[in-house]
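Chemist: Everything below, folded, please.
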Amino acid sequence: MNAHASTARTERSQPVHIGDHLREWRQRRRMSQLDLAGEAEISARHLSFVETGRAAPSRDMVLRLAERLDVPLRERNVLLVAAGFAPAFPQRPLEDPALKSARAAIDLVLKAHEPNPALAVDRHWNLVSANRMVAPLLDGIPQHLLGQPVNVLRLAFHPEALAPRTVNLAEWCGHLLERLHRQCEATADPELIKLYNDLKSYPIPARSAPLSSDNVAIPFKLRHEGEILSFFSTTMVFGTPVDITLSELALETFFPADERTAERLKQIAAAMT
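Modeler: Below is the predicted model of the structure:
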């Protein structure tokens, strides 16, 4: 991502008309009017009229276009309001009774993943919850870096946090930056773009060699108490959310990449009981 272009885009005055919003999302998805019209099963002429303000879309059309453009739920509400309709997607805190079953599912996944570390993050990579195996890996990190909210990406990049302990720092942080870049492109979230630009300012070395052919995924290799723990990670999201909070949650689960790491994690877990 071009940091200057991204910053300029976020600093521009925000669109106020539904047509302006739709045009920005269409262009962000690199779709022509003809492409989007075909996907939404409307005429390109009508879509053009909507974008220029010569026609007003119905609520169903706004939602259909947003779906075809893969607009995040939070921004779909923005589109609806710009078109003169009430928001369709609620945003509840995780403690809300309506999300009790979702919260229980999160806790179940985190607990069941032990003795391997797992955590849940929000859309800005702030820590929402973690199982007990995460804390030992953060031992020794200054408390001022663990104040709320804890941003897990900043911990990965910060020279007083995990960066000095990460054996393959260039590869791991390069992977994280690429992933964050994709999120910025997909959501156009100003806070994510700021986070991306902030992380790029950290002194992370460039990748010196291609990934070994022995690896099936980019590992996270962490020095811990004189040993090197090696992990690979997976990401879990809610499949069909209609609540903004749930749509923006991700569970990051880490698995041992070798037998020594698996055994060491079992020892750490046993020492905590």
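
Chemist: Give me the pLDDT for Arg103.
Modeler: pLDDT recorded at Arg103 is 96.

Chemist: in terms of contact, does it touch Pro93 like I think?
Modeler: No - contact between Arg103 and Pro93 fails when scored by C-beta atoms under 8 Å: they sit 9.9 Å apart. Glycine gets a C-beta too; all of them are placed from N, C-alpha and C.

Chemist: more neighbours, the two?
Modeler: Between Arg103 and Pro93, Arg103 has the larger neighbour count (other C-beta atoms under 10 Å), namely 18 against 9.

Chemist: wait, what's in contact with that one?
Modeler: Applying C-beta atoms under 8 Å, 6 or more residues apart in numbering to Arg103 gives the contacts 94-95.

Chemist: A helix includes it, no?
Modeler: Yes - assessed with DSSP: H, G, I helix; E, B strand; the rest coil, Arg103 lies in a helix.

Chemist: Okay, now the unreliable bits of this protein?
Modeler: For the chain, the stretches with pLDDT under 70 are 1-15, 208-216.

Chemist: What is the lengthiest strand in the chain packed up against?
Modeler: When the chain is parsed with DSSP state E, its longest strand is strand 227-236. In terms of contacts (3 or more C-beta pairs under 8 Å, 6 or more residues apart in numbering; DSSP states H and E), strand 227-236 is packed against strand 220-224, strand 250-256, helix 259-272.

Chemist: Switch these over to a markdown table; also include mean neighbour count and distance to Asp139.
Modeler: Shown next, in a markdown table, are those (neighbours: other C-beta atoms under 10 Å; distance: least, C-beta to C-beta, whole Å):
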| stretch | mean neighbour count | distance to Asp139 |
| --- | --- | --- |
| strand 220-224 | 18 | 8 |
| strand 250-256 | 19 | 16 |
| helix 259-272 | 14 | 10 |
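
Chemist: Using TSV, lay out those together with distance to Pro72.
Modeler: Listed next are the helices and strands packed on strand 227-236 as TSV, based on distance: least, C-beta to C-beta, whole Å:
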stretch	distance to Pro72
strand 220-224	27
strand 250-256	13
helix 259-272	35
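
Chemist: Point out the one among those that comes closest to Met61.
Modeler: Of all those, strand 250-256 sits nearest to Met61, with 30.2 Å by C-beta to C-beta.

Chemist: Just the CA atoms of that closest one, as PDB, please.
Modeler: This file holds the C-alpha atoms of strand 250-256, laid out as PDB (Å, rounded to 0.1, in the frame of the first residue of the first chain):
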ATOM      1  CA  ALA A 250     -11.000 -13.100  14.600                       C
ATOM      2  CA  LEU A 251      -9.600 -16.000  16.600                       C
ATOM      3  CA  GLU A 252      -5.900 -16.600  16.100                       C
ATOM      4  CA  THR A 253      -4.900 -20.100  17.000                       C
ATOM      5  CA  PHE A 254      -1.300 -21.300  17.100                       C
ATOM      6  CA  PHE A 255      -0.200 -24.900  16.700                       C
ATOM      7  CA  PRO A 256       3.300 -26.400  17.500                       C
END
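
Chemist: ok, and what's touching it?
Modeler: Contacts of strand 250-256 (C-beta under 8 Å, 6+ apart): 106, 109-110, 113, 116-121, 152, 220, 229-237, 262, 265.
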